[in-house]
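**Student:** Generate a structure from the sequence data that follows.
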Amino acid sequence: MKHLFLSLLAMFAVVGTVSAQDAPVNRSLSFYLDSFTGQLNTSEDPLFTGNEFEFGMTYSQNFATVPWLSMWVKALVVTGTAGAFDADESFVGNASYFIQGYGMPRAQVGINLGGYAVFALDTRGLLANENYYTLRFGAAGALTFQTILEMWMVPNNTGGPTGSAPSKDFQTVVDLFEVRFNYEIGFAPSWTYRTKLGLRFGTTGCDWGNHKVAPIDSSAARFGNSFHIRWENQVVWAVTPKFYTWAQLRYQIKHLTYAPQATAHDIFLQAGLGYSFDFSTN
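**Tutor:** Predicted structure coming up:
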């Protein structure tokens, strides 16, 4: 996996050098910070459960000789606080500040095919594909239809150990499949409103409400039982052409097809900012 990732990175570096000799290309280096409150609706989980902060940077460039192709390299880390539970598994507050297990420092390399599709591979062995189709209505905004697929190149195990060895009941290849509808419109100079509705399938079929792992008979059942709906409303302010900030409210309905748990309603608040440096040659 490491050698494959390095080979892809070297390939992009070579292509970028050749393209730069033929014609100017656009290059940028961006830094960002995203914050996530965690759970605000405490009907199922305690307040601020799952809070996190993501720090990252992205280098991107297009290729003048291949105008429909661009690439990026991204590095990030996700931190947050861990919940503390007593002997009865009751939540008693947030504990230590640490790097999240799913947010260990990692890198990603990807390509963008004309704004219609992207493919990316990261150092965890996760392969991602996103496809887009946008309808533009001029001053009335734009509507984008999007599909997202994330797959583990080597099967991932989502459960805890059974006895002295991990259980095969939790092996999965597909990490996420989502169909998303995005609408955005500018409502003032430098201000944009976006609303995003996603129908999401993952691989979690566990009784996380009781902080226990409950195996499900098959990967297909686990995938189906993870179905949830996510609705996000975001406001973005482009302070300058290089500096932006945003805030977003996320509403999520889950356990729609998972019998052991009642339907749950999650509310989260997110915000972030970013700055981009332009290294273009034109």
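
**Student:** hey, C-alpha coordinates of stretch 148-160 in CSV?
**Tutor:** Provided in CSV are the C-alpha atoms of stretch 148-160 (Å, rounded to 0.1, in the frame of the first residue of the first chain):
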residue,chain,number,x,y,z
ILE,A,148,-20.0,9.0,-3.0
LEU,A,149,-18.4,5.6,-2.6
GLU,A,150,-15.6,4.7,-0.1
MET,A,151,-14.1,1.2,-0.1
TRP,A,152,-11.3,-0.4,1.8
MET,A,153,-8.7,-2.0,-0.5
VAL,A,154,-8.1,-4.6,2.3
PRO,A,155,-11.2,-5.6,4.3
ASN,A,156,-11.6,-3.5,7.5
ASN,A,157,-12.8,-4.8,10.8
THR,A,158,-15.3,-2.5,12.5
GLY,A,159,-15.9,-4.6,15.7
GLY,A,160,-14.1,-5.3,18.9
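
**Student:** How far does that stretch sit from its chain's centre?
**Tutor:** Mean-position distance between stretch 148-160 and its chain equals 14 Å (C-alpha atoms, centre = their mean, to the nearest Å).

**Student:** What mean pLDDT does stretch 124-141 get?
**Tutor:** Here stretch 124-141 scores 95 as its mean pLDDT.

**Student:** my bad, should have said stretch 177-193
**Tutor:** Stretch 177-193 carries an average pLDDT of 97.

**Student:** Would you mark the buried spots in that stretch?
**Tutor:** Buried positions in stretch 177-193, judged by neighbour count with 16 or more other C-beta atoms under 10 Å: F177, E178, R180, N182, Y183, E184, T192. Any C-beta I mention is one placed from the backbone N, CA and C, and that applies to glycine too.

**Student:** would you list these in CSV and tack on secondary structure?
**Tutor:** Conversion of the buried residues of stretch 177-193 to CSV gives the following (DSSP: H, G, I helix; E, B strand; the rest coil):
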residue, secondary structure
F177, strand
E178, strand
R180, strand
N182, strand
Y183, strand
E184, strand
T192, strand
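
**Student:** how close does the closest residue in space to F279 that isn't next to it in sequence get to D86?
**Tutor:** Setting aside the residues directly before and after it, F279 is nearest to R27 in space (C-beta to C-beta, 6 or more residues apart in numbering), at 4.2 Å. When C-beta to C-beta, to the nearest Å is the yardstick, R27 and D86 sit 53 Å from each other.
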